[in-house]
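[1] attaching a predicted model along with its sequence, questions to come.
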Amino acid sequence: MVRNCFGNYRDVLREISYSPLMAEHLSYLDSRSHAYVYESNGQVTYADENFAREIMQLFTIGLVWLNQDGTPKLDANGKQIEVYSNEDIMSFARAWTGFRKYQDRGNIENEQACSTCNRQDPMFIDKDRRDVFPKSDLLGGYIGDRYPLCVDLPDKMFLRKGAKYRFLGSNPLPELMEDNDKFATNPTIKRMILDSGSGLYKKLYNNGVYLNTVILSNNYDCFLDECEVDTVRVVNVEGLYYEYVRPACVEQSFYNRAKKLVKNRTGNAPNTCANPRLPTAMEACCPLDASISRIKATRNYIYDGERMTYGRANKNCASIGRKLCDFEAIDSSIVPEFKTGYHWTTAKCSIEIKIDQEGHVAIVYNIENRRGDQALHISEESLNYFKVYWESNEYPNRFNNCGNASGCTALSGGGCQCETAVAEGAVFFSKPSSADEILSTLLIGSMNPEVFDDGTFIKQKEAEFTVYLKNGVYDSDTVFEVVDDMSRTFFMKNAFSRVKVVGGNFYFRNAPHFMSMIADSKPYGIGETTRRDAEYETEAVLDHYFYHPNVAPFLCIHFIKRFGISNPSPRYVEKCAVAFHNGTYSSGSHSYGSGLYGDLSALIASIALDREARTPVLDADPAHGSLREPILKVIGFMRALKFEQDPRVPTTKLIFMNEKIGQMAHSFETVFSFFSSDHIPNNGPLHFASLTSPESAKLEMPLTIGLLNGIFSLVKYGLSDCNNGFGMNSGSGSCKDDGSHEKAIGAL
């Protein structure tokens, strides 16, 4: 907070979320997904909900919907409207799984030596412990809405404008993805070496000045091996390495024409499924006469660890006179085990759902010709239920005989298991009426059309938005560029994706998710769950909180109260909320803020310089202002009477202040601090006027007496423990009211 006090509140939220101390305090440190725990030891658990609740209640949106002036919104019955439910908490809790401390560093002093005592560095996200399934948000959608689909990224995104590379130095192993450890040292590893004639090489080499981060400012043509791959992981530039960081995108949970993936030895390795349009697996090339049993496959790839689409895998096999098939094993005499991973097969998959009594669904992969195990998190054993938005809120259940759908069967536990199919298409077939219509209707994002090849789109500028037509007409490839009221630019794809229950009349939205469902397992480095995507998802969650309509009024109310006005007027709160929203505040000829939503300097200026904070007229209003906190009363008293510390004492210490006055700096008993900002006294004028007075929560009789005793002791004996004083026992002298201050470590 000190670093960002005049910066942006979004940065504060990020530091809060990655703080080891916060994770300890709010118990999400090492929280693990249900899938991770169940697959590890068979236990049924749920993600820790504490931080998911408190980051909303305490740090962003509060408990009830607010107008921009801070007054609560009311329903038709005049009751306040809750801004989130327990179902929302459970969904967001899954987004706070996987956070762990880094190992201790040698230059950090700790009370005890241990590998998990690092409370200084921000935490990292353990991809294996992270929940991979879709998370519903607070506004009737999903975390991941408005992000581009990974299947829609342009060909060779690693050469496109905006592509990002992180410098790894001499280490060839990626940091945001994972490769087999043997890739670091084994001399037979084939690496993606950039040729000096490549435009990407020249950008990364930079005349021998290697930058920590490189973001491509324009598109580059492919060169040699770059033309033969779908994507890259780590590239070699003159013996040093850069990791490619694919832009944030989401996968859809349901898709057609799924293909089976298997590891090298199918007899003892999990089978799973994948979208053939995504570069998520390796090739396995079989003889053209693949009708024989126990087929051994070989490989044809550019670099070790290469991922490719099903189409690329087929092409690579065809180029060596082979084909993809449902192979038995990779020929180890040609390719060693550690260079293999998940491989494409020609076997099909269908995606089914288990539906519980609340309409939540769990994904089940029905795998053709499955040999060996199936990953538990996508098997019939799965309990990884998540929320979907059923049309008309109708879904197959035991009360309607699973909807009498031919693709559904009843489950013994009371739910239904159903086959699914995906329908996709365009939403608008002519120009939308407004930007608001686009943002309220479209849910699937797009990459900026500038990253595609010249001539791919025809750009048309309209009054409130820009249209990019790919085929000259409004279709599902059309992209809209829209700026919302918080100055965010969105590129929205003119498309929908809808999941249908086969044989029934039930539909729901296709749910997006950041994390791949192709889980990693030993030997690590062959799955598609990555720290990169976990971080993208975390950023999306924080953005969802940060841009929520409640954030500006909620923060303003609390900031104003801490600045000394317990009952700010709606006008005052709204002025502050506008400053936070616009990122600027002007007073006379002075202007404050960066112009970005969430600017704290603008918010603070709007509070400190507003007429309600400065006019002396309000001093006559008994309801204006606030009580001083107990600890500030004590410190103010000591300053006013010029407390002087005994020069023999290194520091001034106040002892047992929580017990004596109910408050001490950095010593609050709960995450809710010393008192609630909404506290209203139980009786008296403030109670009957329904006015808040947070600090009055500490005006209990024992604490009031403790404050008075401490003040009297300070006056009579100096800072000591005499008669319940605030000081420590100095170990010498006695309590004498003669001005000698024998036991004191300082005096007024």
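    Alright, I've got the coordinates. Everything quoted here is computed from the prediction, not taken from an experiment.
[2] extract the CA atoms of stretch 686-701 and return them as CSV.
    What follows is stretch 686-701, C-alpha atoms only, in CSV (Å, rounded to 0.1, in the frame of the first residue of the first chain):
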residue,chain,number,x,y,z
LEU,A,686,-26.2,8.2,16.8
HIS,A,687,-28.2,5.0,17.2
PHE,A,688,-31.5,6.6,16.8
ALA,A,689,-30.3,8.7,13.8
SER,A,690,-28.8,5.5,12.2
LEU,A,691,-25.4,7.2,11.9
THR,A,692,-22.2,5.2,11.8
SER,A,693,-19.4,5.7,14.3
PRO,A,694,-16.8,3.0,13.8
GLU,A,695,-14.5,4.2,16.5
SER,A,696,-17.2,4.1,19.1
ALA,A,697,-17.0,0.3,19.1
LYS,A,698,-14.0,0.8,21.4
LEU,A,699,-15.9,3.0,23.9
GLU,A,700,-16.7,0.0,26.1
MET,A,701,-16.5,0.7,29.8
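[3] now do it: everything it contacts.
    561, 566-567, 623, 626-630, 661-663, 674-681 (CB atoms under 8 Å, 6 or more residues apart in numbering). The way it works is simple: take the backbone N, C-alpha and C, and place the C-beta from them, glycine included.
[4] among those, name the buried ones.
    Among those, those scoring as buried are 561, 566-567, 626-627, 629-630, 661-663, 674-675, 677, 679-680 (criterion: 16 or more other CB atoms under 10 Å).
[5] who touches residue 47 in this structure?
    Counting by CB under 8 Å, 6+ apart, residue 47 touches 31, 32, 33, 34, 90, 93, 94, 96, 97, 131.
[6] quick one: pLDDT of it?
    At residue 47, the model reports a pLDDT of 95.
[7] can you check residue 391 too?
    Value for residue 391, per-residue pLDDT: 96.
[8] and the helices in the stretch 401-550 of the chain?
    For the stretch 401-550 of the chain, applying DSSP state H, counting those that start in this stretch gives helices covering 435-441, 531-546.
[9] nearest to residue 309, out of the ones you listed?
    helix 531-546 (18.0 Å; CB to CB).
[10] show the average pLDDT along the longest strand along the chain.
    What stands out as the longest strand in the chain, according to DSSP state E, is strand 343-355. Averaged across strand 343-355, pLDDT comes to 96.
[11] how about stretch 175-186?
    Mean pLDDT, computed over stretch 175-186, is 94.
[12] same deal with stretch 457-469?
    pLDDT averaged over stretch 457-469 gives 96.
[13] okay, and which of the contacts of residue 47 map to strands?
    Per DSSP E, the contacts of residue 47 never map to strands.
[14] go through the residues you listed and name the one nearest residue 601.
    Distances from residue 601 to those, taken by CB to CB, are shortest for residue 96, at 29.4 Å.
[15] and that closest one, how far from residue 49?
    9 Å (CB to CB, to the nearest Å).
[16] okay, the two: which has more neighbours?
    Each of residue 96 and residue 49 has its neighbours counted (other CB atoms under 10 Å); residue 96 has more, 26 against 19.
[17] neighbours of the residue nearest to the more buried one when sequence neighbours are not counted, how many?
    Nearest non-adjacent residue to residue 96, counting by CB to CB, 6 or more residues apart in numbering: residue 28, 4.6 Å away. Residue 28 sits with 25 neighbouring residues when counted by other CB under 10 Å.
[18] in stretch 710-730, which residues are buried?
    Here stretch 710-730 shows 710-711, 713-714, 716-722, 725-728, 730 as buried, counting by 16+ other CB under 10 Å.
[19] same check, this time on stretch 154-163
    156, 157, 158, 159, 160, 161, 163.
[20] ok, those vs residue 123, which is closest?
    The closest of those, once distances to residue 123 are taken by CB to CB, is residue 163, at 27.3 Å.
[21] rewinding a little: only the buried subset of the contacts of residue 47, as a ChimeraX command please.
    Here is the ChimeraX command that picks out the buried ones among the contacts of residue 47, judged by 16+ other CB under 10 Å:
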select :31,32,33,34,90,93,94,96,97,131
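[22] ok, back up a step: so which of the helices of the stretch 401-550 of the chain is nearest residue 252?
    helix 531-546 (14.4 Å).
[23] for the helix or strand just after the closest one, packing partners?
    Next helix or strand after helix 531-546 toward the C-terminus (DSSP states H and E): helix 551-562. When contacts are defined as 3 or more CB pairs under 8 Å, 6 or more residues apart in numbering; DSSP states H and E, helix 551-562 sits against helix 570-582, helix 600-608.
[24] pLDDT of helix 551-562, averaged?
    96.
[25] how about residues contacting it?
    Residues outside helix 551-562 that contact it (CB under 8 Å, 6+ apart) are 9, 60-62, 66-70, 545, 568, 572-574, 576-578, 580-581, 598, 603-604, 606-607, 626, 677, 692, 694.
[26] which of the residues in that helix are buried?
    Neighbour counts over helix 551-562 (16+ other CB under 10 Å) mark 551, 552, 553, 554, 555, 556, 557, 558, 559, 560, 561 as buried.
[27] with distance to residue 346 added, can I get the residues you listed in a markdown table?
    Converted to a markdown table, the buried residues of helix 551-562 look like this (distance: CB to CB, whole Å):
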| residue | distance to residue 346 |
| --- | --- |
| 551 | 50 |
| 552 | 55 |
| 553 | 57 |
| 554 | 55 |
| 555 | 56 |
| 556 | 60 |
| 557 | 61 |
| 558 | 59 |
| 559 | 61 |
| 560 | 65 |
| 561 | 65 |
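[28] what packs against the next helix or strand after the longest strand of the chain?
    Counting by DSSP H and E, the element after strand 343-355 in chain order, helix or strand, is strand 361-367. Using 3+ CB pairs under 8 Å, 6+ apart as the contact test, the elements touching strand 361-367 are strand 272-274, strand 343-355.
[29] can I get those in CSV with mean neighbour count and distance to residue 646?
    Below are those laid out as CSV (neighbours: other CB atoms under 10 Å; distance: least, CB to CB, whole Å):
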stretch, mean neighbour count, distance to residue 646
strand 272-274, 26, 71
strand 343-355, 22, 72
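[30] and the ones you listed: which comes nearest residue 335?
    That would be strand 343-355 among these, by CB to CB, at 10.6 Å.
[31] stretch 321-338: how far from the chain's middle?
    39 Å (CA atoms, centre = their mean, to the nearest Å).
[32] can you list contacts of it?
    180, 182, 186, 188, 260, 262, 264-266, 283-288, 290, 293-300, 310, 313-314, 317, 340, 343-347, 369, 523.
[33] which among those residues count as buried?
    Buried positions within the contacts of stretch 321-338, assessed by neighbour count (16+ other CB under 10 Å), are 180, 182, 260, 262, 264, 266, 283-286, 290, 295-299, 310, 313-314, 317, 340, 343-347.
[34] before we move on, back to that, pipe the helices and strands packed on helix 551-562 into a markdown table and attach distance to residue 408, mean neighbour count and mean pLDDT per row.
    A markdown table is the format used below for the helices and strands packed on helix 551-562 (distance: least, CB to CB, whole Å; neighbours: other CB atoms under 10 Å; pLDDT from 0 to 100):
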| stretch | distance to residue 408 | mean neighbour count | mean pLDDT |
| --- | --- | --- | --- |
| helix 570-582 | 47 | 22 | 97 |
| helix 600-608 | 53 | 23 | 97 |
